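In: Could you work out the structure for the sequence below:
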Amino acid sequence: EHMGYYGHKASLHTGLTVMETIEYWKAYYISDANTSELIKFWDLPNKTVESCSEGQRKRLALVRLSLMNRNIWILDEPTTNLDFVGKKKFSELHSSHLRAGGLSIITSHEVAQAKGHKIINLDKLTYAGNLENLRDVENNDNYNIFNYPIDIRNFIEKINIQLIKYKYSFQSKIKVKNYF
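Out: Residues are numbered from 1 along each chain as shown. A predicted model of the protein is given here:
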């Protein structure tokens, strides 16, 4: 109810048109968003999902975030297969979400898209297998590294501290099973 998940692979019905897909999501999420404005913003074609390129499918899947009305977004590689314009549009949508008091947890290989935001790296070597890519951020205050194997207790404590720092308290909304 408070969280919206966006997976790496877009879950789209290929037999529907772009407009039909958006209309379905609008009904599902009880949204009064303007379909034409969303299509225009994301520069989507008037054709079936099956006929769309991977980038267009990714843009269509991102429309769903606009309709969900969730406080917390969990996003897995949201900018994969997007061109420069698509990444810019995602950045606009994401910035709007954050300005409205939202929180996002994003997995990404593109550190540049997280500029100015808190970065938590779960393992240096998983970042595109290239430590040179981390040189720009590894000494920044907004960057934290948790080496593998991950000390889950330390990780959860660090996340809780960060959430409190940003005036978020989700403990009553999210139940974390205690495995310790």
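
In: Could you find the closest non-adjacent residue to residue 55?
Out: Residue nearest to residue 55 in three dimensions, not counting chain neighbours: residue 81, with 5.1 Å by Cβ to Cβ, 6 or more residues apart in numbering. Using the backbone N, CA and C atoms, a C-beta is placed for each residue, glycine as well.

In: Verify the contact between residue 12 and residue 62 for me.
Out: No - using Cβ atoms under 8 Å, residue 12 makes no contact with residue 62, being 11.3 Å away.

In: Break down this structure into its helices, ranges please.
Out: Along the chain, the stretches classed as helices by DSSP state H are 18-29, 35-42, 54-68, 84-99, 152-165.

In: Next, format those as CSV and append distance to residue 4 and mean neighbour count.
Out: Formatted as CSV, those follow (distance: least, Cβ to Cβ, whole Å; neighbours: other Cβ atoms under 10 Å):
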stretch, distance to residue 4, mean neighbour count
helix 18-29, 9, 17
helix 35-42, 16, 16
helix 54-68, 4, 20
helix 84-99, 10, 14
helix 152-165, 17, 12
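
In: Lowest average confidence across these, which one?
Out: Looking at the helices of the chain, the lowest mean pLDDT belongs to helix 152-165 (a mean of 57).

In: before we move on, back to that, how close does the residue nearest to residue 55 get to residue 29?
Out: Residue 81 sits at a distance of 24 Å from residue 29 (criterion: Cβ to Cβ, to the nearest Å).

In: Mind pulling the model confidence for the residue nearest to residue 55?
Out: pLDDT for residue 81: 85.

In: What's the local residue count around it?
Out: 16 (other Cβ atoms under 10 Å).

In: List the residues that contact the residue nearest to residue 42 when sequence neighbours are not counted.
Out: Spatially, and ignoring its direct neighbours in sequence, residue 42 is nearest to residue 59 (4.4 Å; Cβ to Cβ, 6+ apart). Applying Cβ atoms under 8 Å, 6 or more residues apart in numbering to residue 59 gives the contacts 42, 43, 44, 82, 86, 89.

In: Relative to residue 105, which of these is nearest.
Out: Among those, residue 82 lies closest to residue 105 (Cβ to Cβ), at 18.9 Å.

In: I figured that closest one hits residue 53, correct?
Out: No - using Cβ under 8 Å, residue 82 is not in contact with residue 53; the gap is 10.7 Å.

In: More neighbours: which of those two?
Out: Taking neighbours as other Cβ under 10 Å, residue 82 and residue 53 compare with residue 82 leading, 19 against 11.

In: Check the gap between the more buried one and residue 76 for me.
Out: When Cβ to Cβ is the yardstick, residue 82 and residue 76 sit 14 Å from each other.
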